[in-house]
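Peer 1: Kindly return the folded structure for what I paste below:
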Amino acid sequence: MSEHGEPGSQRRPVKIEGWRHAFAAARYSGGGLMRLWQEAAFRHEAISYGCIVVVFTAIGADATAHVGALVLFLLLIAIEALNTAIEELVDRVSPEISSMGQHAKDLGSFAVFCLLLINGIWAAYVVGSHLFGI
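Peer 2: Residues are numbered from 1 along each chain as shown. Sure, this is the predicted structure:
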């Protein structure tokens, strides 16, 4: 039996503590990253971040610009992961089309859009300030 019990069972998951908990959390996070990698949107976001790093390096952006881009990218992928989780849960719980399920998916998508916009504004600001003194 796994540490979470059998699927569909009413048993509570086995509580893991100490260092084993940290390793288990890292394993779950790795699984989440592998699942997120299956999403085309995440792959596009990762490629875009790589392009931003290249552009920032080429224009001589300072460490603050790079750290800002990294923090915003991490926020973006965290929201992308939550959006993917929402979509999977809605599809599992409500496979038929429902307004509540659609609203949940739309709200998750809007959260991702907001972070994409923030990332774009930051990139435009950094590039604009280095190339045009804005």
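Peer 1: Assign a three-state SS to Gln10, would you?
Peer 2: Secondary structure for Gln10, judged by DSSP: H, G, I helix; E, B strand; the rest coil, is coil.
Peer 1: what's around it, how many residues?
Peer 2: 6 (other CB atoms under 10 Å). All C-beta atoms are positioned from the backbone trio N, CA, C, and that covers glycine.
Peer 1: ok, now the one 4 residues further on?
Peer 2: A total of 10 residues lie near Val14 under the criterion other CB under 10 Å.
Peer 1: Quick check: phi and psi at it.
Peer 2: For Val14, the backbone dihedrals (degrees, to the nearest 10) come out as phi -70, psi 130.
Peer 1: how near is it to Ala26?
Peer 2: When distance is defined by CB to CB, to the nearest Å, Val14 is 17 Å away from Ala26.
Peer 1: With Phe132 instead?
Peer 2: From Phe132 across to Ala26, the span is 43 Å (CB to CB).
Peer 1: ok, Arg43 - contacts?
Peer 2: Arg43 makes contact with Trp37 under the criterion CB atoms under 8 Å, 6 or more residues apart in numbering.
Peer 1: In which helix or strand does it reside?
Peer 2: helix 40-58 (DSSP states H and E).
Peer 1: Can I get that helix as CSV, trimmed to CA atoms?
Peer 2: Provided in CSV are the C-alpha atoms of helix 40-58 (Å, rounded to 0.1, in the frame of the first residue of the first chain):
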residue,chain,number,x,y,z
ALA,A,40,2.1,23.3,-24.0
ALA,A,41,1.4,26.6,-22.3
PHE,A,42,4.1,25.8,-19.6
ARG,A,43,6.6,24.9,-22.3
HIS,A,44,5.9,28.2,-24.1
GLU,A,45,6.3,30.1,-20.9
ALA,A,46,9.6,28.3,-20.1
ILE,A,47,10.9,29.1,-23.6
SER,A,48,9.8,32.7,-23.2
TYR,A,49,11.7,33.0,-19.9
GLY,A,50,14.8,31.6,-21.6
CYS,A,51,14.5,34.2,-24.3
ILE,A,52,14.1,36.9,-21.7
VAL,A,53,17.3,35.8,-20.0
VAL,A,54,19.2,35.9,-23.3
VAL,A,55,17.8,39.4,-24.1
PHE,A,56,18.5,40.8,-20.6
THR,A,57,22.1,39.4,-20.8
ALA,A,58,22.6,40.8,-24.3
